[in-house]
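Build me a model from this:
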Amino acid sequence: MAAAAQKLTPIPNLERLSQRVIRILGCNARAMTLQGTNTYLVGTGPKKILIDAGDPGVPDYINNLKTALKDFQSSIQEIVITHWHIDHVGGVGDVCRDVLQSTDVKVSKFSRPDGIEEYNTGIPYNFVKDNAVFKTEGATLRAVFTPGHSDDHMVLLLEEDQAVFSGDSILGETTAMFQDLHTYMASLERILQLRPSLIYPSHGPVILDPMDRVKNYIKHRLMREKQIVETLQKDPNVWLTSMELVDQIYVDLAAGLKNAANTNVCQHLLKLVKDGKVECSEKDGTKLWKIKGQSNM
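Alright, predicted model coming up:
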């Protein structure tokens, strides 16, 4: 995800958002997690599903989770992880040890591609497939595979409310980072097809205009892609580095945000290569890019 450039909306450590949803803030605010990681207790009965578990080693989060369970007279039925990043899965061991006082809990997620090691929480994972369903009293969650931000990313559709827990694919504030833009764009379209009534993101406040927000994410990415193509077309015989593209496209960008912008531009370029619009070469260990079909260096 991207670092925030604007003042962020305050989010309380603990808040009941609906009859079925309680949000517990991860107490791990930093540039790349915004206000912190939102974790959620879902359900109306005495056993609830916990979505994500925050960072490891955050006592304030564990205390807030204990408070939520006590206040709402609940326990944790199981844990569902949206993706492998440490601020989502890292706290699983702490929750099991300090809250549940047991390792006998189901922790579900999508598996990473073959050969890629999973984050080790000390608790075995229950790997699920697309459209897997998690049920508890008052809530039915359907897992929807939405890679792009990460290779194992899922969103969860709360069927009773037609609400989506978006993980890091859609944020409450700022735009998201992505590992593979080509698959990320397809995942945004899939979220759009769910027609969510609202979105509970893993970072930032609840999104009350979900359809517009997802459409704006898609529009923003297409706009950035257009800027890259138009910049390369200015002189189609010149090969440019990704940072040279950043300097031409992101005018007056703060120096501290240039690396994040460069990461996004590189992902756009890789997508454009897959789309057959841009080609890549390498010189002295540096990748260079230009519009496909023009003369080479």
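
Only C-alpha atoms from now on, for both contacts and neighbour counts.
Will do.

Once you drop chain neighbours, what's closest to the residue nearest the centre of the chain?
The chain has Asp168 as the residue nearest its centroid, 1.4 Å off, counting by Cα atoms, centre = their mean. Leaving aside its sequence neighbours, Asp168 sits nearest to Ser202 (Cα to Cα, 6 or more residues apart in numbering; 5.8 Å).

can you tell me how far the residue nearest to the centre of the chain sits from Met177?
According to Cα to Cα, to the nearest Å, Asp168 stands 8 Å off from Met177.

what do you get for Val265?
11 Å.

Which one's more surrounded, those two?
Set side by side, Val265 and Met177 show more neighbours around Met177, with 24 against 21, by other Cα atoms under 10 Å.

Strands of the stretch 151-297 of the chain, residue ranges please.
154-158, 163-167, 199-201, 278-283, 286-291 (DSSP state E, counting those that start in this stretch).

Take those strands and write them to JSON lines, including mean pLDDT and distance to Tyr217.
Putting the strands of the stretch 151-297 of the chain into JSON lines (pLDDT from 0 to 100; distance: least, Cα to Cα, whole Å) gives the following:
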{"stretch": "strand 154-158", "mean pLDDT": "98", "distance to Tyr217": "16"}
{"stretch": "strand 163-167", "mean pLDDT": "98", "distance to Tyr217": "13"}
{"stretch": "strand 199-201", "mean pLDDT": "98", "distance to Tyr217": "14"}
{"stretch": "strand 278-283", "mean pLDDT": "94", "distance to Tyr217": "22"}
{"stretch": "strand 286-291", "mean pLDDT": "96", "distance to Tyr217": "25"}
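
Could you break the protein into its assigned domains?
As recorded under automatic domain parsing, the domains making up the chain are 14-208, 222-291.

Quick one: end-to-end length of the first one, please.
Distance between the boundary residues of domain 14-208 (Cα to Cα) amounts to 19 Å.

chain center to that domain, what's the gap?
On the basis of Cα atoms, centre = their mean, to the nearest Å, domain 14-208 sits 10 Å off its chain's mean C-alpha point.

Tell me the spacing between Glu173 and Tyr40.
18 Å.

Check Ile123 too.
Taken as Cα to Cα, the span from Ile123 to Tyr40 is 20 Å.

Ok, Pro205 next?
For Pro205, the distance to Tyr40 - Cα to Cα - is 13 Å.

where does this structure have low pLDDT?
Along the chain, segments meeting pLDDT under 70 span 1-6, 294-297.

which helix of it spans the most residues?
The longest helix of the chain (DSSP state H) is helix 210-234.

Near the spatially closest residue to Lys258 that is not a sequence neighbour, how many other residues are there?
Among residues not flanking Lys258 along the chain, Val246 sits closest, at 7.3 Å (Cα to Cα, 6+ apart). Around Val246 there are 20 other residues, counting by other Cα under 10 Å.

Check Cys266 too.
20.

Tell me where the chain has helices.
So, for the chain - with DSSP H - the helices run 59-71, 86-89, 92-94, 181-193, 210-234, 242-249, 258-274.

now these in TSV, with distance to Lys287?
Listed next are the helices of the chain as TSV, based on distance: least, Cα to Cα, whole Å:
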stretch	distance to Lys287
helix 59-71	42
helix 86-89	30
helix 92-94	39
helix 181-193	18
helix 210-234	14
helix 242-249	8
helix 258-274	10
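
From the rest of the structure, what touches stretch 156-170?
Contacts to stretch 156-170, defined as Cα atoms under 8 Å, 6 or more residues apart in numbering, come from residues 1, 82-83, 138-144, 146, 148-149, 153-155, 176, 184, 188, 194-203, 214.
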